[in-house]
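Predicted coordinates and the sequence they were generated for:
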Amino acid sequence: MEGAIHSKMKPAAGVGPEVVIRMRDLHKAFGANKVLKGFDLDVRRGENVMVLGKSGSGKSVLIKCIVGLLRPDQGQVMVLGQDVYALGQDDLDHLRVRIGFLFQSSALYDSMTVRENLEFPLRRHWFAQSAEERDALVKEALENVGLEHTSDLYPSELSGGMRRRIGLARTLILKPEIVLYDEPTTGLDPITGKEIVELILRLQKKYGTSSVIISHDLNVAKLAANRIAILMDGRNYVEGSYDELRSMRDPVVQQFFIFM
Amino acid sequence: MDRSGVLLGARAIVVEVGELVAFTGRFFREAFRPRFEWRELVRQCYLNGYQSLPLVAITAFIMGLVLTVQSRPTLARFGAETMLPAMVAISVVREIAPVITALICAGKIGSSIGAELGSMKVTEQIDAMEVSGTNPFKFLVVTRIWSTILMLPLLVILADAIAIWACFIGVNMKGAVSWQLFQQQVFDSLVFSDVLPALIKSVFFGLAIGVVGCYKGYNTEKGTEGVGRSAHSAVVVASLVIFILDLVAVQVTEIMGLN
């Protein structure tokens, strides 16, 4: 890509050579509004990659393209060795079970209790599972996020931070290999935001997942990302670690660090 | 409105009708293919059928009573007061119970489906379901439409029974007719061709309520404002479709010689 700067840094500890997500030449437009104009990115196993961009730059569009919620106009996304847009519905559903997605709004099912929200993916995919096994997994998921006492509450009875934690618990309950986080700290106070990031890191270490984090929050980048890709004008403008980007003199990169 | 405004409005209606037909087609494609969501279907039947019982029952009772009380003077003028049970029974079974029940359900069930799915759409719950490897169309839409198809005829039968019972009360408000005699008058007047077309019609009314509610909810845009719009347009469009289907049903029964 012309004008792009890509890091030559060594992979961080725990990051394997296997590429689990490969995006090539992604283009997506909504009418005349071209959001992605040839975006490329590789995510390796065990790696936390953050896509940093301004509001409205197409970050959420990008993450939705990874799981096939949106179909790009052009380009290819390979996830765990499979071409997302070449798969039939059943194969895509099987692939999606291996990918977790934490939505910005948490997207908990309003009509279900916390327990039912957590049981929903279990019931859908592991038919042979007994009630005891389901109970144990729900208990483990709630313990992971420190909200064991909320199992009989409805989402409307939870605070924003609690909803995000339950959303994370539901995302991880099927033990996905890849987790996609859409603005995990947006709308939360700094303390709760930091707690969420620490929780993400702790659970990533526990389950060995690879992650793509979409955010405009540099605190998240500093705490969680092995590598940061800046989405600018629909392209992967630059990649590097937090420190590498922080030390760059490029004005486009520096504008993200204006408050740091 | 100028000519171009009229053309744009007409185009929007044609597009909407086309999308609604495509949505119905998708329902029929998915409705008979596994996996079947029995658990959710039972839940929806409970919500859309059982929880509509009180409203349908009260409406049917009032409908039967009012129809009886208001028809009596006209029949009395022609000395045909004894025809009252038969007239009310035929009116209720053939037309009034199916249409009024469908309109009540369009208001209650249609708006509830439109608002619920609309709210799930704008809060990304439908996307969450999809990325968890569940087909949201099958889980949310197919089950809701099946539930309205199955529940509407049952609610109509209930409305028939309650309205006829209310008619018995209405008849006895100014006279004395035994239940046996009343029953005999009602069942002597009703024939198979009164009941069956009405029930078939109510299956289509159920389909219309489910399809329109789900279509409006599933395609909600523009946040919470869109949810309100989906709920209210689900009621308006479903009610309109019910009247159109009723008109078609009348023509079909006429052609088939069932009137």
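That came in fine, so what should we check first?

So for the strand or helix carrying A:Asp40, what gets flagged as buried?
For A:Asp40, the element it lies in under DSSP states H and E is strand A:33-44. Buried residues in strand A:33-44, counted by 16 or more other Cβ atoms under 10 Å in any protein chain shown: A:35-44. Quick note: C-beta positions are derived from backbone N, CA and C, even for glycine.

Next SSE downstream of that strand?
Next along from strand A:33-44, by DSSP H and E: strand A:48-52.

And the helices in the chain, which stretches?
If you meant another chain, say so; for now it's chain A. A:59-66, A:89-97, A:114-125, A:131-144, A:160-172, A:190-207, A:218-224, A:242-247, A:251-254 (DSSP state H).

that answer is for a different chain, and I need it for chain B
Using DSSP H, helices in chain B cover B:3-31, B:38-48, B:53-77, B:84-91, B:97-105, B:111-122, B:125-131, B:136, B:143-173, B:179-189, B:192-218, B:223-255.

Quick one: closest of those to chain A.
Nearest to chain A among the helices of chain B is helix B:125-131 (3.7 Å), distances taken as Cβ to the nearest Cβ.

can the following helix or strand past that closest one be found next to chain A?
Using DSSP H and E, the next helix or strand after helix B:125-131 towards the C-terminus is helix B:136. No: between helix B:136 and chain A, judged by Cβ under 8 Å from any Cβ of the partner chain, nothing touches; the nearest distance is 11.0 Å.

Please name the residues that touch the residue of the stretch 101-250 of chain A found nearest chain B.
Closest approach between the stretch 101-250 of chain A and chain B, counting by Cβ to the nearest Cβ: A:Ala107, at 3.7 Å. Contacts for A:Ala107 (Cβ atoms under 8 Å, 6 or more residues apart in numbering or on different chains) come out as A:167, B:123-125, B:127-128.

Give the buried subset of these as a ChimeraX selection command.
Filtering these down to the buried ones (16+ other Cβ under 10 Å) takes a single ChimeraX command:
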select /A:167 /B:123,124,125,127,128
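
Looking at the contacts of A:Ala107, point me to the pair that's furthest apart.
A:Gly167 and B:Asp127 (12.5 Å; Cβ to Cβ).

Quickly list what's touching both of those two.
Common neighbours of A:Gly167 and B:Asp127 (Cβ under 8 Å, 6+ apart) are A:103, A:107.

sorry, back to before: okay, the helices of chain B in TSV with mean pLDDT and distance to A:Asp83 next?
Below are these laid out as TSV (pLDDT from 0 to 100; distance: least, Cβ to Cβ, whole Å):
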stretch	mean pLDDT	distance to A:Asp83
helix B:3-31	91	25
helix B:38-48	94	32
helix B:53-77	95	51
helix B:84-91	94	62
helix B:97-105	97	45
helix B:111-122	95	28
helix B:125-131	93	17
helix B:136	93	23
helix B:143-173	96	32
helix B:179-189	93	66
helix B:192-218	95	28
helix B:223-255	92	34
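
Could you dump those helices into JSON lines with distance to A:Thr171 added?
Below are these laid out as JSON lines (distance: least, Cβ to Cβ, whole Å):
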{"stretch": "helix B:3-31", "distance to A:Thr171": "27"}
{"stretch": "helix B:38-48", "distance to A:Thr171": "22"}
{"stretch": "helix B:53-77", "distance to A:Thr171": "39"}
{"stretch": "helix B:84-91", "distance to A:Thr171": "57"}
{"stretch": "helix B:97-105", "distance to A:Thr171": "37"}
{"stretch": "helix B:111-122", "distance to A:Thr171": "18"}
{"stretch": "helix B:125-131", "distance to A:Thr171": "9"}
{"stretch": "helix B:136", "distance to A:Thr171": "17"}
{"stretch": "helix B:143-173", "distance to A:Thr171": "25"}
{"stretch": "helix B:179-189", "distance to A:Thr171": "60"}
{"stretch": "helix B:192-218", "distance to A:Thr171": "24"}
{"stretch": "helix B:223-255", "distance to A:Thr171": "24"}
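
From B:Val252, how far out is A:Pro72?
48 Å (Cβ to Cβ, to the nearest Å).

Same check on B:Gly118?
34 Å.

Among those two, which residue is more densely surrounded?
B:Gly118 (27 against 13; other Cβ atoms under 10 Å in any protein chain shown).

Those residues of chain A touching chain B, which are they?
A:64, A:67, A:69, A:89, A:93-94, A:96-97, A:99, A:101, A:103-105, A:107-111, A:120-121, A:124-125, A:174.

Buried only: go through those for me.
Buried among those (16+ other Cβ under 10 Å): A:64, A:67, A:69, A:93, A:96-97, A:99, A:101, A:103-105, A:107-109, A:120-121, A:124-125, A:174.

Can you get me a residue count around the spatially closest residue to A:Pro176 that is not a sequence neighbour?
Once flanking residues are discounted, A:Pro176 sits nearest to A:Gly100: 3.7 Å by Cβ to Cβ, 6 or more residues apart in numbering or on different chains. Neighbours of A:Gly100 under the rule other Cβ under 10 Å: 27.

so A:Gly100 sits right up against A:Asp182, yeah?
No: using Cβ atoms under 8 Å, A:Gly100 makes no contact with A:Asp182, being 11.3 Å away.
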